[in-house]
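In: pasting the structure only:
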């Protein structure tokens, strides 16, 4: 459970994007709902994914989690009004399963390099085949 909590915190942007993509793919046969979802998806990008500064509303700073919950509720309500509630529910269940599997099996301890490992070539030494150069060397004949 601690690994799941840590991964949910660490990958929350990725998990929300994966869930949105799964919901989008579930709407392929519902063009009106897909248009509604694309409008909401643009709101997701501007209000959650691509902003550097926090959202300030009426002089108060809005937390990322609050923005995530509000955008999620707006998405579900808008798609529910578009009469694709069952598709959205199935897509959300699939998204929760995918996220749950990833967060349960992903180990975050291997995401960072030590200073000594970087000084020794970092991850590049793993792919270069030992002492082989990264680029082939050519000699003139």
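Out: Right, received. Where do you want to start? Predicted model only: the values in this text are computed from it and were never measured. Residues are numbered from 1 along each chain as shown.

In: In this protein, mark out all the strands, start to finish.
Out: 55-57, 60-62 (DSSP state E).

In: Mean neighbour count added to those strands, as CSV?
Out: Glycine gets a C-beta too; all of them are placed from N, C-alpha and C. Formatted as CSV, the strands of the chain follow (neighbours: other CB atoms under 10 Å):
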stretch, mean neighbour count
strand 55-57, 11
strand 60-62, 11
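
In: In TSV, list these along with mean pLDDT.
Out: Shown next, in TSV, are the strands of the chain (pLDDT from 0 to 100):
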stretch	mean pLDDT
strand 55-57	80
strand 60-62	82
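
In: Turn these into a markdown table, columns for distance to residue 87.
Out: Shown next, in a markdown table, are those (distance: least, CB to CB, whole Å):
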| stretch | distance to residue 87 |
| --- | --- |
| strand 55-57 | 29 |
| strand 60-62 | 29 |
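
In: So which bits of stretch 33-42 are buried?
Out: For stretch 33-42, a neighbour-count test (16 or more other CB atoms under 10 Å) marks 33-34, 36-37, 40-41 as buried.

In: Please report the residue range of the longest helix in this structure.
Out: helix 85-105 (DSSP state H).

In: so where do the helices sit in the chain?
Out: Applying DSSP H to the chain gives helices spanning 2-10, 12-26, 31-44, 64-81, 85-105, 115-119, 124-127.
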